[in-house]
Each structure stands twice: as structure tokens, then as C-alpha cells.
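S.K.: What follows is a predicted structure for the sequence shown.
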Amino acid sequence: MVEDILYLLVSLFATIIGAVTGIGGGIVLKSLVSTFSDDPVIIVSFYTTVLVFTMCIVSIFKQIKRGFKFQLNVLVGISLGSIIGGYIGEKILNIVVQQFSQQKVQFIQSIILFITLIFLLLYNIFGKRKQKIEFPKFIYSLILGLFLGSISIFLGIGGGPLNVSLLIICFGYNMKEAAVYSIATVFFSQISKILSIIFTGSLLHFDLNLVPFLIIIAIIGGYVGTWLNQKLSNRKLETIYYFVMLALCILTMINIFRFS
């Protein structure tokens, strides 16, 4: 009971932060849940998928309603790549889970995640900001989506922090633009995972009692987070993003020592 309440509180925080910054919330949920729960990787990954997918629907709907216009070639390229990459990432995760112990898998995920977060954080702070590419080519968007979808599903993080950073690095987007495209990318990458769970019959292996509450929390968090994203300036969003990334680096480092 206490653990379920913690799950919901952390989920609300994760979805608000995820919608504000575009990081999706999956990485926040996974990092915090690892500190108080011993649930298997597959279980946490499933809850994360439900939460992030619902939050993304709310966020995208609210952004479109507000008047945000997606570049179709970028959206389709990254989304298609994310769907394919998400399928690949899920297959790799299942193979790794079968080959290694639960603790070993979490250790591997934490190491890869920590290295990735540190690199992206330092590059975004100290690296030279690229001039915005007004019309990125479809093939570049597809390759980027393929990479983001596969690594995000493998790490069970929803992909947001990687999406935002790489959209800024590769296409020169500002924080608001990167956040919206990131949420859309996370949405499509989660579709492949949901379909995989349904068609493989894995859904029967999960405890679904918590799912309706997670969906409600995700709707609330997605709405509040998107509202804040639309109200805050790019500079304030960047400050929040860097703070969250730094906090995630610390949490990931703690998990590395915990699972080593």
C-alpha cells in the first residue's frame, strides 16, 4: 500500500517534469522508483510505458490546441524511426534480461544512462550551439529517431532527456521546440512497446490494479506540465532542464553503487 502511494506521487512529479521539459517523465520515474522499490526491470518498464504514453497524448493534444505546428518530415521521420527503434530496443532488453540477473541488468542500464546523461549535459552547457536547421532532411530525422527509440526503450526511460538534447544539438532547436518534438517522439516509441506487450501476451503477466490510477495521474501531470511549458520562457525551461539532468545524474550514480 505504501509503495503504491509512493508510485503515484513519484508518477505525478515525473509527468509534470516530463511535460514541462519534454523529457517524457520515464527516466524520472525509473530513477526514483529504483530507490524505494525492488520491482523487476520489466514491471517498472511496463508502468513507465503506461504513464508516459498517457502523458504524451495529453501534452500533444494541448500543444496542437495551442497552435503548435509540426514540420511533417521531421515528425514522421523521428516517429517512424522511434517505432522501429523501440521494437529493436525491446527485443534487446528481453535478451539481456534472459542472459543476466536482475541486479546486473539494472547495473548495465545505470552505467549506460549515467555516461549518456553526463555527456549530453556537458555538451549542452559548454558546447557550441548549432544554428537552427529550418528544414531538416527526412533521412536525418529517421536515423535520429531510430537511435533514440532503441536506446530509450532498452534503458526504460522513455527517451526524453536524449531526445531534447540531441534535437538541440543536431537541428539547433530551442528548448520549447525540442520539448514538443521530444514528447511526440516519446509517444510513438511507446506505441511499439505497447503493441509488443499486447501481441506477445505479456500483458497477462502484469498486475494491472495500479494502471487506472497511473493513467489518471498521467493525465493530470501531462496537463499541468504542458501548461507550465507554454507559460515559461526558453531560458527558464533550460534552467529547469539542466537541474533535472543534474539530479538524474546523481540518482543514476547512486543506483550504480546500489546495483554494483
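M.R.: Nice, I can see it.
S.K.: Check which helices and strands the particular helix or strand that has Thr15 in it sits against.
M.R.: Assessed by DSSP states H and E, Thr15 sits inside helix 2-21. With contacts defined as 3 or more CB pairs under 8 Å, 6 or more residues apart in numbering; DSSP states H and E, helix 2-21 has these neighbours: helix 26-33, helix 41-66, helix 160-171, helix 175-199, helix 211-231, helix 234-259. Backbone N, C-alpha and C define where each C-beta goes, glycine included.
S.K.: CA atoms only for that helix, dumped as PDB, please.
M.R.: The C-alpha atoms that make up helix 2-21 are tabulated as PDB, following Å, rounded to 0.1, in the frame of the first residue of the first chain:
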ATOM      1  CA  VAL A   2       2.700   2.500   1.000                       C
ATOM      2  CA  GLU A   3       4.700   1.500  -2.100                       C
ATOM      3  CA  ASP A   4       1.700   2.100  -4.300                       C
ATOM      4  CA  ILE A   5       1.200   5.600  -2.900                       C
ATOM      5  CA  LEU A   6       4.900   6.300  -3.500                       C
ATOM      6  CA  TYR A   7       4.500   5.100  -7.100                       C
ATOM      7  CA  LEU A   8       1.600   7.500  -7.600                       C
ATOM      8  CA  LEU A   9       3.400  10.500  -6.000                       C
ATOM      9  CA  VAL A  10       6.500   9.900  -8.000                       C
ATOM     10  CA  SER A  11       4.500   9.400 -11.100                       C
ATOM     11  CA  LEU A  12       2.800  12.800 -10.700                       C
ATOM     12  CA  PHE A  13       6.100  14.500 -10.200                       C
ATOM     13  CA  ALA A  14       7.600  12.600 -13.200                       C
ATOM     14  CA  THR A  15       4.800  13.500 -15.600                       C
ATOM     15  CA  ILE A  16       4.800  17.200 -14.700                       C
ATOM     16  CA  ILE A  17       8.600  17.500 -15.100                       C
ATOM     17  CA  GLY A  18       8.400  15.300 -18.200                       C
ATOM     18  CA  ALA A  19       5.800  17.500 -19.900                       C
ATOM     19  CA  VAL A  20       7.500  20.800 -18.900                       C
ATOM     20  CA  THR A  21      10.900  19.900 -20.200                       C
END
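S.K.: tell me the mean pLDDT over that helix?
M.R.: Per-residue pLDDT values over helix 2-21 give a mean of 84.
S.K.: from the chain's centre, how far out does stretch 134-147 sit?
M.R.: 18 Å (CA atoms, centre = their mean, to the nearest Å).
S.K.: Buried residues in that stretch, which are they?
M.R.: Within stretch 134-147, the residues scored as buried using 16 or more other CB atoms under 10 Å are 136, 138, 140-147.
S.K.: now it: mean pLDDT?
M.R.: Stretch 134-147 shows a mean pLDDT of 87.
S.K.: Provide the contact partners of it at residue level.
M.R.: Stretch 134-147 is contacted from outside by 71, 73-74, 76-82, 84-85, 88, 166-167, 170-171, 185, 188-189, using CB atoms under 8 Å, 6 or more residues apart in numbering.
S.K.: by contact count, what packs against the helix or strand of the chain with the lowest mean pLDDT?
M.R.: The weakest-scoring helix or strand in the chain, judged by mean pLDDT, DSSP states H and E, is helix 26-33 (a mean of 75). Judged by 3+ CB pairs under 8 Å, 6+ apart, helix 26-33 is in contact with helix 2-21, helix 41-66, helix 138-155, helix 160-171, helix 234-259.
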